[in-house]
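> what shape does this take:
(chains A and B)
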Amino acid sequence: EDQVTQSPEALRLQEGESSSLNCSYTVSGLRGLFWYRQDPGKGPEFLFTLYSAGEEKEKERLKATLTKKESFLHITAPKPEDSATYLCALSGGYQKVTFGIGTKLQVIP
Amino acid sequence: NAGVTQTPKFRILKIGQSMTLQCTQDMNHNYMYWYRQDPGMGLKLIYYSVGAGITDKGEVPNGYNVSRSTTEDFPLRLELAAPSQTSVYFCAGAKMGGTEAFFGQGTRLTVV
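Residues are numbered from 1 along each chain as shown, chains lettered A, B, ... in the order given. Below is the predicted model:
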């Protein structure tokens, strides 16, 4: 069974304090690993797809990386507007996408 | 380009009532999904569709029904609402199965 575990559940950072969110996974055959951002009262917003170990993608202050067992979302010099819940999900097949519970990030000015 | 649009945003139902959650998309997505999101739980797939006229059950389909008569619309029907169906419901679309999905804004449903 595909599994996604995100840590920590919550993270509080000072503005400018870089950190990383972790997504550990098990899957029989990875088709893609996804990162989403979810603001309160909104639907998840797609950020990145990673397909194979060693792949990296960047967008503004965010960089996602992938190994055979984990993915990291690195946040460099975060700003208060980066506060959100970040969801990790993986696809092990054409119909099946498994989501993690998410990491709630709060960036304090 | 509106993306994926859900209505209503909020709804309170009494136990035993029925309702339809509407979802429409203008992104020409073949695949569409209904998820529910509960506190402390990941998104759970209720039903999905791979194209007009084709639907299938997801992880938690009991108490729900769907139809897909057009590419654009994918309504979710709740029959005989129960308190366990209190949740936030998200509709999403994707070009292909197992790829990145684009979500609507959600419907917060409370069954009392």
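
> give me the secondary structure label for the residue nearest in space to the middle of chain B.
Per Cα atoms, centre = their mean, the C-alpha nearest to the average position across chain B is that of B:W34, at 3.0 Å. Under DSSP: H, G, I helix; E, B strand; the rest coil, the three-state class of B:W34 is strand.

> quick one: contacts for it?
B:21, B:23, B:45-48, B:58, B:64, B:66, B:74, B:76, B:89-92 (Cβ atoms under 8 Å, 6 or more residues apart in numbering or on different chains). Every residue, glycine included, has its C-beta placed from N, CA and C.

> for B:Y35, same thing?
B:L43, B:K44, B:L45, B:I46, B:Y89, B:F90, B:C91, B:A92.

> same question, B:P61
Contacts of B:P61 by Cβ under 8 Å, 6+ apart are B:I46, B:Y47.

> and the contacts of B:W34, which is closest to A:T103?
Of all the contacts of B:W34, A:T103 sits closest to B:F90, with 18.6 Å by Cβ to Cβ.

> pull the number of nearby residues for that closest one.
26 (other Cβ atoms under 10 Å in any protein chain shown).

> could you do B:G53 as well?
11.

> what are the pairing partners of the helix or strand of chain A with the lowest mean pLDDT, and which direction each?
Every helix and strand in chain A was compared by mean pLDDT, DSSP states H and E; the lowest is strand A:97-99, with a mean of 91. Next to strand A:97-99 in the sheet, as set by DSSP bridges, lie strand A:84-91 (antiparallel).

> near chain B, which residues of chain A?
Residues of chain A found near chain B (Cβ under 8 Å from any Cβ of the partner chain) are A:4, A:31-32, A:34, A:36, A:41-46, A:49, A:87, A:89, A:91-102.

> at 6 Å instead, please
A:31, A:34, A:42-44, A:46, A:49, A:91, A:94-95, A:99-101 (Cβ under 6 Å from any Cβ of the partner chain).

> of those, buried ones?
A:R31, A:F34, A:G43, A:P44, A:F46, A:T49, A:S91, A:F99, A:G100, A:I101 (16 or more other Cβ atoms under 10 Å in any protein chain shown).

> from those residues, which two are the most distant?
Counting by Cβ to Cβ, the most remote pair of those is A:R31 and A:G43, 22.1 Å apart.

> if we can go back for a sec, if the residue nearest to the centre of chain B is in a bridge, with which residues?
Beta-bridge partners of B:W34, as defined by DSSP bridges: B:Y47, B:C91.

> which residues of chain B score low on pLDDT?
Residues of chain B that meet the criterion pLDDT under 70 lie in B:1.

> OK, contacts around residue 106?
Here I'm looking at chain A. Taking Cβ atoms under 6 Å, 6 or more residues apart in numbering or on different chains, we find A:Q106 in contact with A:R12, A:S83.

> try chain B instead
A:G43, B:V88, B:F90.
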